[in-house]
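A.B. asks: Just the structure for this:
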Amino acid sequence: MTGKSVIATLRHRKLGHVDWKAGALLLLGTLPGVRLGAALVMKLETMGLTGPVLRATTSSFVTVTGVLVLRESLFARGNQ
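C.D. replies: Sure, this is the predicted structure:
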């Protein structure tokens, strides 16, 4: 995946479609998030709560995303 991402980024850079400032800001937010997430999962593993917490978190995220997509779709359909 990383190799494909690097190649795609280089191609888009040649076309002038890469916003380096936005990419740097995303990277600055992503790196601490990955570290924090990994530490949280390790802590949950020691407590024996990894499965239930991750299932609940994933279910909530998917449900909220689905509701927002449905709402956006219905709103767009009403404005046609």
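A.B. asks: Now Arg77: phi and psi?
C.D. replies: Recorded main-chain torsions at Arg77 are phi -70, psi -40, according to degrees, to the nearest 10.
A.B. asks: That one: neighbour count?
C.D. replies: 8 (other Cβ atoms under 10 Å). Any C-beta I mention is one placed from the backbone N, CA and C, and that applies to glycine too.
A.B. asks: what do you get for Ile7?
C.D. replies: Counted with other Cβ under 10 Å, residues neighbouring Ile7 total 10.
A.B. asks: So Val18: helix, strand or coil?
C.D. replies: When states are read from DSSP: H, G, I helix; E, B strand; the rest coil, the local structure at Val18 comes out as coil.
A.B. asks: confidence score at Met1?
C.D. replies: We note a pLDDT of 56 for Met1 in this prediction.
A.B. asks: can you check Leu27 too?
C.D. replies: At Leu27, the pLDDT value in this model is 86.
A.B. asks: Which secondary structure elements does the helix or strand that it is a member of sit against?
C.D. replies: For Leu27, the host element (DSSP states H and E) is helix 20-47. Identification of packing neighbours for helix 20-47 by 3 or more Cβ pairs under 8 Å, 6 or more residues apart in numbering; DSSP states H and E yields helix 50-78.
A.B. asks: if we can go back for a sec, so how far is the helix holding Leu27 from its chain's centroid?
C.D. replies: Mean C-alpha position of helix 20-47 versus that of the full chain (Cα atoms, centre = their mean, to the nearest Å) differs by 11 Å.
A.B. asks: what do you get for stretch 62-69?
C.D. replies: When distances are taken as Cα atoms, centre = their mean, stretch 62-69 is centred 14 Å away from the chain's centroid.
A.B. asks: And the residue nearest the centre of the chain?
C.D. replies: Thr30 (9.1 Å; Cα atoms, centre = their mean).
A.B. asks: pLDDT score assigned to that one?
C.D. replies: Confidence per residue is given as pLDDT, and for Thr30 that number is 91.
A.B. asks: what does Leu10 give?
C.D. replies: Residue-level pLDDT assigned to Leu10 equals 88.
A.B. asks: And for it, the neighbour number?
C.D. replies: Neighbourhood size, Leu10 [other Cβ under 10 Å]: 10.
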